[in-house]
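>>> sequence and predicted structure below; questions after.
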Amino acid sequence: METVTLDSVLDPVDAENIIIGGIPLVTVGELEAHVSVADGNVAGVTIAGSSTWGNNWTVHNAISGTLATCHNNGGCGGAAHCGGASNSNGCCWLTYNGSYNNSTGNYNSNKNTGGVLGEYATFTFPEPKRINQITYYITGWWNRYPMPRNMSWFGSDDASTWTLVESWTNIAYSSVITSSCSNTCNHARWTEPTTLTIDNDTKYKYFRLVVQKTCGNSGPPYGCGGGNQGLQAVVFNQIELYGHGDPVAGVGHGNPLAAGSSIGNLLVFDYAINSVDTFYVAPVKEPKLRISNISFEDRDGNIVSPPSIFTYPAFPTYEIDFSAYTDKTVEFAQADLTANFPSLSPQFLVGSTQVQATNSNSNFQHHLTNPSYVPDAGGINFWDYEATNPAAAIGTFKLTADAIGKFTIVYGCLWNNNESVKIYVHDFLHSETTSTSATVTINVSKNDVIEIQESQAVIALYSITFVQQ
């Protein structure tokens, strides 16, 4: 890959081949709520938990969309100060009693997800989704506050093999939460949620949140200190899941620019184009691209200068190795070259009218039957001979550049008789040799025609390499 450094003005570059995408110019999809308190269960996600304290505190409560004000032994059901009816949902998900150490917060059991131990909630979506943000509300439990401290987030395509997507250690909570630990109700949930972000673009159908450790009796910012004694579980009031929608393909997202293209206000993942004073394709011989006066701003509003933004794709390198035809016919060589290098249109031609060479109208590897005009190792020989009209005997190997690039040709002359083997570019003589082997480099534009030609001589061909630029 070749990367162009972003300067105030870039030199013209090939706009037919350039893909703007070192940092792809695409609009990242908006952050969508899959399940949240405000929007409900938009995505139709289902949930399953690894354990529960009792029937009133199952994991299903954590995506009910209801923020309970407080709870008692029956969840909110039947609690007058919660305003709940006896058959209402509980306020939260509470893992089984004894699942975590009430002092250290360490996990006490052996439930394993991808090598990570901890109680977990598994989310199943009807179709694969991205998850880029988790927001959760916690709640007190009889003056005890079992907040998650270390957690991991996994994704899976089959709910069997799990891939670690993200992990968090020493999750800190705001002073609003930790200062509320002495709430007189002792059952309060905190209206301020905790949000964790996930830098991941892979979609999965199944996700799993694993709680590896609680805050135990740690003080702020990880917990409330002391008050967790006697509770050996973790509590979630509500869990919200958000994910980016599919990116919107823009200029440069695998698409070449067209003449007169302009662009603005596109998010470049972490960078956004603030202003584009000049962004166009100039009408020169080959379509070119000039860019200037582009400013970038990060998500915090700071002007930044990324080191590069425009990246050329890795273009193919073609290499014709003529040693593959040292014991073949010209018909075989022509068919093989046409099949493997169609975009270069390679041809063996003979005569003043330049017709297709065959075994009957040309000489190819003549030295195999007649020890004359022997090329160096790995080469072949080729020429035209017409006894009745020697001046019309012209042998040519011809090919056409399919892009801007550079040819490196290793060729030679095996019988000069005061004549050389010549190379023409668009009918203009570029180079010639009387040596049995010579190397020449030619810079070409798209559709330039290269002809390696003899008249009253013998061509040696060793290799031709073409690198696009």
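Received the coordinates, thanks. Numbers count the residues shown, from 1 in each chain.

>>> which segments of the protein make up each domain?
For the chain, automatic domain parsing gives the domain ranges 2-28+248-312, 31-244, 317-468.

>>> quick check on Pro371: phi, psi?
The phi and psi values for Pro371, taken as degrees, to the nearest 10, are phi -70, psi 60.

>>> look up how far Asn381 lies from it.
Plainly put, Pro371 is 12 Å away from Asn381 if you go by Cβ to Cβ, to the nearest Å. Quick note: C-beta positions are derived from backbone N, CA and C, even for glycine.

>>> swap in His34?
Distance from His34 to Asn381, counting by Cβ to Cβ: 70 Å.

>>> tell me which of these two has more neighbours.
Asn381 (25 against 22; other Cβ atoms under 10 Å).

>>> can I take it that that one is in a strand?
Yes: counting by DSSP: H, G, I helix; E, B strand; the rest coil, Asn381 is located in a strand.

>>> state the pLDDT value of the residue nearest to Tyr325 when sequence neighbours are not counted.
Excluding its sequence neighbours, the residue lying closest to Tyr325 (Cβ to Cβ, 6 or more residues apart in numbering) is Ala333, at 4.2 Å. In this model, Ala333 is scored at 95, pLDDT.

>>> then Tyr206?
Here the pLDDT value assigned to Tyr206 is 98.

>>> number of residues surrounding it?
By the criterion of other Cβ under 10 Å, Tyr206 has 19 neighbours.

>>> what sits against it?
By Cβ atoms under 8 Å, 6 or more residues apart in numbering, the contact set of Tyr206 is Thr122, Phe123, Thr124, Phe125, Gly155, Ser156, Asp157, Asp158, Ala159.

>>> so which of the residues you listed belong to strands?
Thr122, Phe123, Thr124, Phe125, Gly155, Ser156 (DSSP state E).

>>> narrow those to those that are buried.
For the ones in strands among the contacts of Tyr206, a burial check counting by 16 or more other Cβ atoms under 10 Å picks out Thr122, Phe123, Phe125, Gly155, Ser156.

>>> count the neighbours of the residue nearest to Tyr325 for me.
Neighbour count for Ala333, taken as other Cβ under 10 Å: 24.

>>> is it true that it lies in a strand?
No: under three-state DSSP, Ala333 falls outside any strand and is assigned helix.

>>> surely it meets Asp327?
No: counting by Cβ atoms under 8 Å, Ala333 stays clear of Asp327, with 10.6 Å between them.

>>> the residue nearest to Cys92 when sequence neighbours are not counted: how many residues sit nearby?
Closest residue to Cys92 apart from its sequence neighbours, by Cβ to Cβ, 6+ apart: Asn237 at 4.7 Å. If you count neighbours by other Cβ under 10 Å, Asn237 ends up with 24.

>>> what helix or strand is the residue lying closest to Trp168 once chain neighbours are set aside on?
Once flanking residues are discounted, Trp168 sits nearest to Met151: 5.3 Å by Cβ to Cβ, 6+ apart. Assigned by DSSP states H and E, Met151 belongs to strand 148-156.

>>> quick one: the ones in strands among the contacts of Tyr206 as a markdown table, columns for distance to Ser50 and pLDDT too.
Conversion of the ones in strands among the contacts of Tyr206 to a markdown table gives the following (distance: Cβ to Cβ, whole Å; pLDDT from 0 to 100):
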| residue | distance to Ser50 | pLDDT |
| --- | --- | --- |
| Thr122 | 8 | 98 |
| Phe123 | 13 | 98 |
| Thr124 | 14 | 97 |
| Phe125 | 19 | 97 |
| Gly155 | 17 | 97 |
| Ser156 | 15 | 97 |
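
>>> of these, closest to Thr135?
Comparing the ones in strands among the contacts of Tyr206 against Thr135 with Cβ to Cβ picks out Phe123 as the nearest, at 13.7 Å.

>>> contacting residues around that closest one?
Val35, Val45, Thr46, Ile47, Tyr206, Phe207, Arg208, Leu209, Leu241.

>>> average pLDDT for the helix or strand harbouring Glu240?
Secondary structure assigned from DSSP H and E places Glu240 in strand 238-244. For strand 238-244, the mean per-residue pLDDT is 93.

>>> going forward, begin numbering at 27 instead of 1
That works, and once the first residue is 27, the last one we named lands at strand 264-270.

>>> pull the CA atoms of that strand into CSV?
This file holds the C-alpha atoms of strand 264-270, laid out as CSV (Å, rounded to 0.1, in the frame of the first residue of the first chain):
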residue,chain,number,x,y,z
GLN,A,264,-31.8,-2.4,33.9
ILE,A,265,-29.4,-3.2,31.1
GLU,A,266,-29.5,-1.2,27.8
LEU,A,267,-27.8,-2.2,24.6
TYR,A,268,-26.9,0.1,21.7
GLY,A,269,-25.1,-0.6,18.4
HIS,A,270,-24.1,1.3,15.3
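
>>> contact partners of it?
54-63, 69, 71, 88-93, 147, 149, 155-163, 219, 227, 233, 235.

>>> what's opposite Phe374 in the beta bridge?
With DSSP bridges as the criterion, Phe374 is bridged to Phe423.

>>> so where do the strands sit in the stretch 377-495 of the chain?
Here the stretch 377-495 of the chain has its strands, by DSSP state E, counting those that start in this stretch, at 381-382, 389-390, 406-409, 420-426, 431-441, 447-451, 454-459, 464-470, 475-481, 484-494.

>>> and the fourth one, C-alpha only, in PDB?
It stands for strand 420-426. Extracted in PDB, the C-alpha atoms of strand 420-426 (Å, rounded to 0.1, in the frame of the first residue of the first chain):
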ATOM      1  CA  ILE A 420       8.900  -8.400 -39.300                       C
ATOM      2  CA  GLY A 421       8.500 -10.200 -36.000                       C
ATOM      3  CA  THR A 422       6.800  -8.500 -33.100                       C
ATOM      4  CA  PHE A 423       5.800  -9.200 -29.500                       C
ATOM      5  CA  LYS A 424       3.200  -6.600 -28.600                       C
ATOM      6  CA  LEU A 425       1.300  -5.700 -25.400                       C
ATOM      7  CA  THR A 426      -0.700  -2.800 -24.100                       C
END
